[in-house]
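>>> what would the 3D arrangement of this be:
(one chain, ligands or ions: 2)
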Amino acid sequence: METISKFEVRECDLAGRIGKFTVRGRTIETPNLMPVVNPNITSGENAVTPEELKETFGHDMIITNSYIIRRGDRLRERALDEGLHKLLDYDGMIMTDSGTFQSYMYGSGKGKEVDVTPLEIVEFQRDIGSDIGTILDKFTVPSSTWDEAKQDLDITLDRGSRSLKVMGDMELAIPVQGGVHMDLRELSGRSVREMGSAYSPIGGVVPLMESYRYSDLVDVIVAGKRGLGPSIPTHLFGAGHPMILPLAAALGCDLFDSASYAKFAQGGRYMTRDRTRHLREMDSFPCSCPVCSRYDPSDLKDMEEPKRVGLLSRHNLWSLRGIMNEIRISLKEGTIWEMVERSALYHPAMYSAVRRLEQHKGHLEESAPRSTRRFMCSDLALSRCRPEFQRFKDGLTSNYRTVDHGRTLILTDWGRTHSHKVEVALNSASSSGDRVVIRTPLGPAPYDIEDMYPISQSVFPRPESLTDEVMEGIISSMEPVIRGSRGEVVHWTGAEDPPETKGAGDEMSFLALKVANITRMQFGIIGGKGADEILFGSWDTARELASRLIIKRSRRTGKIRNVMLSGKDGEEVHLLSLRAEDGMFTLKLEGARRLHGAGTNWRVVVEDDTGEYNAQGYNVFCKFVRSADENIRPGDEVMVVGENGALFAVGKAMVSSRLMLEAKAGVAVKVRDGVKDKKAPQPSSP
Ligand code: GUN
Ligand code: ZN
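Numbering: from 1, shown residues only. Ligands and ions are numbered 1, 2, ... in the order given. Coordinates of the predicted model:
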């Protein structure tokens, strides 16, 4: 079946993403917010017209209600006659809803249905030329029992599968329902995906948001997304309040609709990112949009109501636009967490909702890149939900190698690692055979991997500003280090003079240890062997390893750049290069060949036919991926291999392994070097 819509994920941060969504030749960038257009009010002096939404506010997508259009004779006839786009005088993407919400809002008593059958309303949306129609789902309220919610869900799913047969060339939205029963939410998402739906809203959440049940909303979104998987563009139905948008986007919601800009305006309410205010409480505007630049609150208060509502609606739209722009900027630069953490302070219910992520670390980890631009943790109770904490701890436990050492030197004040004096002292201690460990809120951070994300990128509050409880946790996280120490343990705050070093100093051994442990932390243990030993051969002492490696450093900063081995005939075999931004390696072809030979965790398997293109340096598209190792996350270094094991290329994963497998469009791996790429250095023959 030819697909009507296409969704490509371009960039990832936490479970959020930047995507490109195309329906019938119209493309929008996600996350995106579609204003709700009332089909009865699309003209008039003060109305915000669909054309203005597009031309002035930049909205390439709107949503309107097909049930309302169908109910009025004049609108219905015009819509059927001229088509929806002409009716609204709008040439962007139009989504229509079905009347489900009307039956929830205005239905008299439970189970009251609107006067249209489930298939009639889908056919109507198709016939008026909607780009995305919505089935007549059963709006399941949070107070529904499991049995009631299950009964509703069965009806929704049955209507979904019947509607798919009459959708024509319109995309069809099948909402996830299930009330607050997480097993049903997940089942609902999975069923929608298995039905072959290519667009899904998470429905039934308006009552949760109206009563500030944001923590429950988080559970509902995560459960729904678990079932839907990462490949289906996901819309959070009825979420137009600015406060919730960053968190929802970070959890993987791609689209939002807002009637609130107009509804709030009708009630005299002015939206900002963290709250709404009544116009009568205001004597100045904290905003510089065109409306607020031109008018004062007193001007608006003196106006006729239609004009005031029109101007407030426009301010509210500017406000939403600013927030959506900031969400996209943050996702692109890898700082959506920081936006989420700020939003926790907007309302106590938001704080609880962000804290609830503690229970969904797995969901965040599944799609989060292993390094991002910054690692700022202001509120450790919140930041601890970031995937970096667990990953770092797991990496230390299973991958890090401690070697023979003299003393153990513990730097107790993490804030001082950036001082030149402290750095010199730590280098000198490390080079003389001490083991150096920094006490940080991440746990013990060995100094040899300090350059690697997230240690040196992390910014934490000063130790004295943490609560006793948090500080005790940090102190007790050091116990294994102290217990495992082979010599004396020295604590140093970094403020006094550094403890004297004893050994003569062997900087090359310390460099080799750095390379080995970064390699192990990044690529792990493969078939019982550390990635370092697979790449460089087994080693007993850092000195021995140092004699084998050729480590090229930046002349300016002294930081490691390239790692090679001396091969036969004195040639240098280039295996790895270190990225300055996050202190992690990129794989060269020869490095990839060695890891691949050991049977690795970093493989993306493609068919031999398409692999030939990757061998020439072309990117891997998701639709050609046959399998991918489960541990792959966006940004990871991966090998592109054939079904029979041939190595075609090495590059950077753009999305997680699950998304590579489930997505029908988009780039899976950005190939850096292909084995037949003329520009790439070729692996030496084995
Ligand atoms: N608008 C807000 N919530 C819902 C929902 O659950 N279903 C539909 N169809 N529309 C909605
Ligand atoms: Zn404004």
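>>> what's the separation between the residue in the stretch 51-200 of the chain positioned nearest to ligand 1 and Ile550?
Among the residues of the stretch 51-200 of the chain, Thr100 lies closest to ligand 1, at 3.4 Å counting by CB to the nearest ligand atom. The C-beta positions use only the backbone N, C-alpha and C, and glycine is treated the same way. Applying CB to CB, to the nearest Å, the value for Thr100 to Ile550 is 66 Å.
>>> over to Ile525?
25 Å.
>>> same question, Gly567
Counting by CB to CB, the gap from Gly567 to Ile550 is 10 Å.
>>> equivalent analysis for Glu281, please.
Taken as CB to CB, the span from Glu281 to Ile550 is 69 Å.
>>> isn't Gly617 up against Ala649?
Yes: with contact defined as CB atoms under 8 Å, Gly617 counts as touching Ala649 (7.2 Å).
>>> please identify every residue contacting each of the two.
Residues touching both Gly617 and Ala649 (CB atoms under 8 Å, 6 or more residues apart in numbering): 671, 673-674, 677.
>>> just these now: which is nearest ligand 2?
Val671 (45.9 Å; CB to the ion).
>>> and for the closest one, the neighbour number?
Val671 has 23 neighbours, counted by other CB atoms under 10 Å.
>>> just the element for it, please.
Per DSSP states H and E: Val671 is located in strand 667-674.
>>> and what of Leu157?
helix 146-164.
>>> and the gap between the nearest residue to Ser144 once chain neighbours are set aside and Leu157?
Distances taken as CB to CB, 6 or more residues apart in numbering place Gly179 nearest to Ser144, at 4.3 Å, with adjacent residues excluded. Distance of Gly179 to Leu157, computed by CB to CB: 14 Å.
>>> more neighbours: these two, which one.
Gly179 (25 against 21).
>>> tell me how far that one lies from Ala149.
4 Å.
>>> mutual contacts of those two, please.
In terms of CB under 8 Å, 6+ apart, Gly179 and Ala149 are both contacted by the residues Thr140.
>>> neighbour count winner among Gly617 and Ala649?
Ala649 (30 against 18).
>>> tell me which element that one falls in.
According to DSSP H and E, Ala649 maps onto strand 647-653.
>>> what's that strand packed up against?
Packing partners of strand 647-653 (3 or more CB pairs under 8 Å, 6 or more residues apart in numbering; DSSP states H and E): helix 589-597, helix 608-615, strand 637-642, strand 667-674.
>>> could you redo the last one with a cut-off of 10 Å?
strand 585-587, helix 589-597, strand 603-606, helix 608-615, strand 620-621, strand 637-642, strand 667-674 (3 or more CB pairs under 10 Å, 6 or more residues apart in numbering; DSSP states H and E).
>>> next SSE downstream of it?
Using DSSP H and E, the helix or strand that follows strand 647-653 in sequence is helix 657-662.
>>> would you mind writing the CA trace of that next one as CSV?
This file holds the C-alpha atoms of helix 657-662, laid out as CSV (Å, rounded to 0.1, in the frame of the first residue of the first chain):
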residue,chain,number,x,y,z
SER,A,657,18.1,0.8,17.1
ARG,A,658,14.4,0.5,17.8
LEU,A,659,13.6,3.5,15.6
MET,A,660,15.9,2.2,12.8
LEU,A,661,13.9,-1.0,12.7
GLU,A,662,10.4,0.5,12.9
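>>> offset the numbering so it begins at 234, please.
Done: numbering now begins at 234, and the last item shifts to helix 890-895.
>>> can you get me the centre-to-centre distance for it and its chain?
14 Å (CA atoms, centre = their mean, to the nearest Å).
>>> what residues of that helix count as buried?
Of all the residues in helix 890-895, those buried under the rule 16 or more other CB atoms under 10 Å are 890-895.
>>> repeat that for stretch 396-410.
So, applying 16+ other CB under 10 Å, buried residues of stretch 396-410: 396, 399-400, 403-410.
>>> residue in the stretch 534-683 of the chain with the shortest distance to ligand 1?
Leu553 (17.0 Å).
>>> pretty sure that residue is in a strand, no?
No: the assignment for Leu553 (DSSP: H, G, I helix; E, B strand; the rest coil) gives helix, which keeps it out of a strand.
>>> what's the burial count for it?
That count, for Leu553 with other CB under 10 Å as the rule, works out to 24.
>>> I'd say Asp348 and Leu369 touch.
No: in this structure, Asp348 is not within contact of Leu369 by CB atoms under 10 Å, at 11.4 Å.
>>> which residues do those two both contact?
300, 332, 336 (CB atoms under 10 Å, 6 or more residues apart in numbering).
>>> re earlier: between Ile758 and Ile783, who's got more neighbours?
Neighbour count, other CB under 10 Å: between Ile758 and Ile783, Ile758 has more, with 16 against 13.
>>> name the nearest residue to that one, ignoring sequence neighbours.
Spatial nearest neighbour of Ile758, excluding adjacent residues (CB to CB, 6+ apart): Asn632 at 6.0 Å.
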